[in-house]
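Novice: structure for the following, please:
(chains A, B, C, D and E)
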Amino acid sequence: MPINKPERIIGHRPGVLHEQASQARILWARYDADSLEEGEFADFADLPAVPQGACLWLDIVGVPGKAGLTALEQHYGLHRLALEDVQNQGQIPKFEDFEEHLYTVLQLPQGAADTAETYQLNVFLAENLVITVHRGGGVFDPVRKRLQANRGVIRSAGADYLLYALSDVAVDMGFPRADEFSARLLELEELADDGLHDLSRDIYALRRPLSILLRQARRQRDVIDRLLERDRAEFDGQREVYWRDCLDHAERYLETISHLRESAGDLLNTHLALVSHRMNDVMKVLTVMSTVFIPLSFVVGLYGMNFDTDSPYNLPELGWRFGYVYVWGVMVLVVSGLLLFFRRKRWI
Amino acid sequence: MPINKPERIIGHRPGVLHEQASQARILWARYDADSLEEGEFADFADLPAVPQGACLWLDIVGVPGKAGLTALEQHYGLHRLALEDVQNQGQIPKFEDFEEHLYTVLQLPQGAADTAETYQLNVFLAENLVITVHRGGGVFDPVRKRLQANRGVIRSAGADYLLYALSDVAVDMGFPRADEFSARLLELEELADDGLHDLSRDIYALRRPLSILLRQARRQRDVIDRLLERDRAEFDGQREVYWRDCLDHAERYLETISHLRESAGDLLNTHLALVSHRMNDVMKVLTVMSTVFIPLSFVVGLYGMNFDTDSPYNLPELGWRFGYVYVWGVMVLVVSGLLLFFRRKRWI
Amino acid sequence: MPINKPERIIGHRPGVLHEQASQARILWARYDADSLEEGEFADFADLPAVPQGACLWLDIVGVPGKAGLTALEQHYGLHRLALEDVQNQGQIPKFEDFEEHLYTVLQLPQGAADTAETYQLNVFLAENLVITVHRGGGVFDPVRKRLQANRGVIRSAGADYLLYALSDVAVDMGFPRADEFSARLLELEELADDGLHDLSRDIYALRRPLSILLRQARRQRDVIDRLLERDRAEFDGQREVYWRDCLDHAERYLETISHLRESAGDLLNTHLALVSHRMNDVMKVLTVMSTVFIPLSFVVGLYGMNFDTDSPYNLPELGWRFGYVYVWGVMVLVVSGLLLFFRRKRWI
Amino acid sequence: MPINKPERIIGHRPGVLHEQASQARILWARYDADSLEEGEFADFADLPAVPQGACLWLDIVGVPGKAGLTALEQHYGLHRLALEDVQNQGQIPKFEDFEEHLYTVLQLPQGAADTAETYQLNVFLAENLVITVHRGGGVFDPVRKRLQANRGVIRSAGADYLLYALSDVAVDMGFPRADEFSARLLELEELADDGLHDLSRDIYALRRPLSILLRQARRQRDVIDRLLERDRAEFDGQREVYWRDCLDHAERYLETISHLRESAGDLLNTHLALVSHRMNDVMKVLTVMSTVFIPLSFVVGLYGMNFDTDSPYNLPELGWRFGYVYVWGVMVLVVSGLLLFFRRKRWI
Amino acid sequence: MPINKPERIIGHRPGVLHEQASQARILWARYDADSLEEGEFADFADLPAVPQGACLWLDIVGVPGKAGLTALEQHYGLHRLALEDVQNQGQIPKFEDFEEHLYTVLQLPQGAADTAETYQLNVFLAENLVITVHRGGGVFDPVRKRLQANRGVIRSAGADYLLYALSDVAVDMGFPRADEFSARLLELEELADDGLHDLSRDIYALRRPLSILLRQARRQRDVIDRLLERDRAEFDGQREVYWRDCLDHAERYLETISHLRESAGDLLNTHLALVSHRMNDVMKVLTVMSTVFIPLSFVVGLYGMNFDTDSPYNLPELGWRFGYVYVWGVMVLVVSGLLLFFRRKRWI
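Specialist: Numbers count the residues shown, from 1 in each chain, chains lettered A, B, ... in the order given. Below is the predicted model of the structure:
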């Protein structure tokens, strides 16, 4: 049961950072259209200055402690409240415009396939500066390779374009997990097909994370939409087509998750209907069977009575030469009659 | 389970086209109010120039590979991101305004009758130029015939009107499939009428594609609505009445699908109620039957006991002259009493 | 299953009219504050001219064929697309502003009481001209009588007011049918009261047309609302109070239908709960009965065993003087115990 | 089943008033900050003139007939359409601005406690004039007393404030009925607690009027909201705080009704779950019981067979010295086994 | 069943205060960036004046009676209607702008863990003045400590910032209760896991307070949103980042409650499915068992008949040497056949 509780102690002042022993690696890249320098360090004392006429990308893998975040605050003017959010995992995807810089939170999938577990991607954008903070090592390697390859606009289009490229990765990361949910759903569909197992719990177990992902997907779409709006307002829509493409992906992800969730619901209902139908079948056939034998048992009980057969009125059938045959005849008649009746009523 | 996954590899730069071995035929038509030239070729090297004062319509049947799309990009200035979407089937119906041209995606029905399968119709609109890319050969033949017939406004009203005519075809293509769903639903309704079969799975199987179509229909309506808005803004609503007519059809299609989906839901519920009612009937009658015979079996069992009848207190009835008759009397009384009770309670 | 399919063949040019053999009577009235002329003709060649300073109302009963509609187009400048819609029954209630004239579609109730069947009312409004096309003879007689009576504003307030008066009739026509649905619902409620019949199908059969009517009522309300808006914009709200009154009726109709639909749903649920409760009652009493007799049957079976009573350990009860009395005692004890247990558990 | 049918005959002209034999008392009050005159009359011929620099409040108890309403129309310029609505009970709460005066309709609770029955409160507001028409004698006595007491702003703040005071009464009148619904719900909750009675119909009977009240409450909230907006627009929000307070009450009433309705739904579901759980309990215990006795009956039946025991292979147990004991042993074993199995499966 | 009834008597004038015997402690703090004075008194006669160039915070613990509130009204110009609301517990969270001061109502959690009980926090904000009225002693101690500590902006940023700090506490107070609900839900989930208990009532008992909290959380979010808007409008968004942080927390709380409620619904459905599945299991196995024994009982009954075995046609099997063995054979065959049939049908 995820409680997205802010970790700040109630009533304490906002923007307080925790000492936190997490190790953080800092990958950096300084690039312009012509050149690219890269490197890595572990000490926040070594933070490079923001270059003029070039871009700096700091990719911080791990969640820095108080010292590291304070260094970021002092070097680059990042806002305290944003840094506090960096330390608190479980933020809702959001977009905040602190005057000096932007702050975006997205959630990237993590861990076991069919859960809604995610980790937080924090992106700061200021002039010529992009800082990403997250726990997923290697997730941005493809972007790094595009920077190295010096192809396309990524090297020349500045920090804003880098933000787009990173957001695009974050959005597209959702699809493999959606694939896994889809596969699991297909698997359950096949299992459900014979109506023998009770799968309702499995299906519910699948639907709940989809509900959580659906909310995140909605929020994520809104974040991308606001980034698109910002581009339109601030840059006359220069990169608008890229953001729109990213928004398009975010919408497709949202549709996919929403469709998966709906499918899980449909599967559940089909499954329950099937189980109930099988149960009805069982009950019906068995009940018909009992009903057929109940009058027979009565008949054989009847002729098991011990009346004194000296009296000619007491169970005269017992003394008949073909009494036994007669009883069988009666029983065959009864059974045939019942079966005929059931068939006419279409119960069997 | 459709995953509308963008096929771009995560983190790769946008607008990368695939080599793809699909064959594409290119039908072309160059027309103005007075003349019409038509032809077909298969090599993207032969792409004609955009005429002045006349319209060019390229109808590309099949999905071109990288070479073909690059030729389109260079000849007509189509945007890379749009061309990437052309290669990725499964786009959501949408409308994008790349400054140099418009790009519209709609979905046309395809394949087996009662599924939600569609193929993608891509339409590009630039000055004097319309390019359609899709997999459905012959779908636009009626429009081609109207061009040849030189009747109505289609020859003289330019590329915008052609876009309208094509959109109109795309919208109207939905109705035959809706008809098929309707027929299938009627069929199920008749089958469901006797409450003997378990149709819940069939009905669910019908409802799911309707859910998918409903979403597409909603998106399609929005696309047409935006095309109408654009006409109003750009051309002072010259062709507004035509677009409004098209929008009207899109809304009727949406209503039809929405109504079909609702009807499927209603049918399901009626069906389940009927099945449960029949089951209740079966159970009730059979239970009444058992209940009637249970006391009778007790009675005949009673007189099957082997007590020593030397004692006058042990089963004296066995020695009576009319003991057997008396037993039958008791049993008739019991049965009559029970049946009377059941009838008074209106259980039978 | 209504498919509101446009009858135009896919891809054909819009605005094509059908030859259609339907007979149409044309009632006309030319009036101003002082005078009123009326008449009827059957030939569209005789269409009168639009008067200056007076109003012309053509009330066309029946759906004209191609010739008639073309005549209307040529005489009064009616738009082709609107005329095409006149021929296609099953339009959604709508309001279209073709520059030369307005075109309004409403649906009037028709046929069997508890269905959603309607026929289409088309109204054209141009300067000094109102044309109505519909299949319902006599539906506008009250309005005609008001014109003849020369009372109230209807004679002097022009074509716009006539449009209002006709819309008002169309809206109010819905109430008698709502009354019939209400009566049918009341009837079902009484039938449902004893829980003996399975009414779920009847209730569903009532709810489905209500769903269709609900949608139409919503659309109709929107149409009236837009007519009110137009009056406000164009005439400084001169007749606004009348349109508002009409809108008020449209809203009450919508509320009524919506309430009826909700009531049908409630009735269904109450009914299902009652049926299930009765079933439970039946099952419980019958099961209690079987349960009481099952141990008794065991007891009498016990003493029906044929063990060799020479051994003093084999069924010694059979030889007792009061064995039979003893067995009855045992059985009375068992039954009393069970009944007590059931009563304590409050099962009976 | 309430059909809010307008009573106007279809097609008749709007604003026609009925002759109607209802008696109406007219209470009047003419007041300014310094003086207050009050009185009562029954004849509409005696209607007083609207004073200058003072306020006139006519409180008409009962629904006047045609003569009375026509007098109101002529004396105070009330609009025909509004007067028609006064005669038609069952209006939706609404607010209409006829240029010469305002017209507000609210619904006041009436009659049996747990129904949705209401009667209509019509309020007209013109300069220095407030007219209320309703069927509830004495409902505005508290307001009259405040006028008499000459405390607070009510005497000096004019007709608009009086409208506020009356609306406030109308809104607050809803709470006692909500209290009664709440009490009835609590009562049902206690009854439902043992799961013995079928309360679903009672709960539905409670939920339906709540649905109707909910709609009215929503409309009423909107009416008050529009009155607040009007005050803000027209008087620079002088009395805005009062209207906001009234709106706050209307919202609380809406929340209360909405909460009660939700609670009724929850109660229903809890109740149904409980009933079904009890039924399951009954069925389970009884079925376990039958199942235990069924093999026992078989065993005793077995030894009731009449095979010729001359053959040593035929039922040799019958001849055993401890045969009877042995049978009891077998039966005890069978029962123990079954009970153990059931307990292990946790069915008992 | 909470009825949020305003306690004002119907029709009485608004703003009337009750005599009320509740004791109220008044904690005060007067501070600017450099100095801080604190104190406590119990008599409203001692109310301090609003300082110039410094802030005064009155924290009133308890609900004052008429005398106290009147003193507040006279000293600080608080509005009568707001003071009336202070006395009426159960207000909906709201934000009102009385020109002289702001008035905010929030609800703080109170009492037993898994209920929706709250008490009311009233905050007044005027120039240099913040007044809080509530029943929760000590709830604002952390804020008081921050004032004393003279760290951060709280001492220098004025009354508006204090309002923010207090709102932040109020919002964050919700999370511990959400935690408790989450824990209770987890507990129920574990209990529900074996499907043996009927937990539907417990789950409903959990869901109902969550519904109430959800509404409050939505309102609370809106209040914070309006405070953010006000800051943006009035102060050029100086403290906007703080309010946005607070809004972010309010949204997370809302999401958490909404998620908990949804989870409770899911749990309920899973649980009901599981219970029904277990019931089906029981019924199936037991029915299979009966069905197997029913034909056996018939067979043994058959050979318990007392036909006269002098006739060679009457029950010849009884005289067979291996008759008993033969019967057992028949019975084994019957049982095997049935079990095979059941297994083939996959019922067991």
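Novice: in the stretch 201-348 of chain A, which residue sits nearest chain D?
Specialist: A:G304 (6.7 Å; CB to the nearest CB). Just so you know, the C-beta spots here come from the backbone N, C-alpha and C atoms, and that holds for glycine as well.
Novice: for that residue, give me phi and psi.
Specialist: Dihedral pair for A:G304: phi -100, psi 0, per degrees, to the nearest 10.
Novice: with A:Y103 instead?
Specialist: phi -140, psi 120.
Novice: surely it touches A:Q91?
Specialist: No. In this structure A:Y103 lies outside contact range of A:Q91 using CB atoms under 8 Å: 10.2 Å.
Novice: shared neighbours of these two, anything?
Specialist: Here A:Y103 and A:Q91 have A:D85 as joint contacts, going by CB atoms under 8 Å, 6 or more residues apart in numbering or on different chains.
Novice: the two: who's more crowded?
Specialist: A:Y103 (23 against 19; other CB atoms under 10 Å in any protein chain shown).
Novice: what's the distance between that one and chain D?
Specialist: 36 Å (CB to the nearest CB, to the nearest Å).
Novice: pLDDT at that residue, what is it?
Specialist: In this model, A:Y103 is scored at 95, pLDDT.
Novice: repeat that for A:A183.
Specialist: 90.
Novice: report how many residues lie close to it.
Specialist: 14.
Novice: contact residues of the stretch 201-348 of chain A facing chain E?
Specialist: Selection of the stretch 201-348 of chain A residues close to chain E by CB under 8 Å from any CB of the partner chain yields A:201, A:204, A:207-208, A:211-212, A:215, A:272, A:275, A:279, A:282-283, A:286-287, A:289-290, A:293-294, A:296-297, A:300-301, A:303-306, A:309, A:315, A:317-325, A:327.
Novice: go ahead and build a ChimeraX selection from the buried members of those residues.
Specialist: Command for ChimeraX, covering only those of these found buried under the criterion 16 or more other CB atoms under 10 Å in any protein chain shown:
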select /A:201,204,207,208,211,212,215,272,275,279,282,283,286,287,289,290,293,294,296,297,300,301,303,304,305,306,309,315,317,318,320,323,324,327
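Novice: sitting in helices, which of the residues of the stretch 201-348 of chain A next to chain E do you find?
Specialist: Residues from those lying in helices, with DSSP state H as the criterion: A:201, A:204, A:207-208, A:211-212, A:215, A:272, A:275, A:279, A:282-283, A:286-287, A:289-290, A:293-294, A:296-297, A:300-301, A:323-325, A:327.
Novice: ok, and which of the residues you listed reach chain B?
Specialist: Okay, of those touching chain B (CB under 8 Å from any CB), that's A:M283, A:T287, A:S290, A:I294, A:S297, A:G301.
Novice: residues contacting the spatially closest residue to the first one that is not a sequence neighbour?
Specialist: Leaving aside its sequence neighbours, A:M283 sits nearest to E:T287 (CB to CB, 6 or more residues apart in numbering or on different chains; 6.8 Å). Taking CB under 8 Å, 6+ apart as the definition of contact, the neighbours of E:T287 are A:V282, A:M283, A:L286, A:T287, D:T287.
Novice: correct me, but the first one touches E:V285?
Specialist: No. Using CB under 8 Å as the test, A:V282 is too far from E:V285 to be in contact (10.5 Å).
Novice: quick check: the gap between A:E262 and A:L214.
Specialist: From A:E262 across to A:L214, the span is 10 Å (CB to CB, to the nearest Å).
Novice: I meant to write A:L36 there.
Specialist: 39 Å.
Novice: ok, now A:Q74?
Specialist: Using CB to CB, A:Q74 is found at 40 Å from A:L214.
Novice: higher neighbour count, those two?
Specialist: Neighbour comparison, A:Q74 and A:L214: the larger count goes to A:L214, with 17 against 11 (by other CB under 10 Å).
Novice: ok, A:H75 touching A:L47?
Specialist: Yes. With contacts counted by CB under 8 Å, A:H75 reaches A:L47, the gap being 4.8 Å.
Novice: who's more crowded, these two?
Specialist: The residue with more neighbours, out of A:H75 and A:L47, is A:L47; 19 against 16, by other CB under 10 Å.
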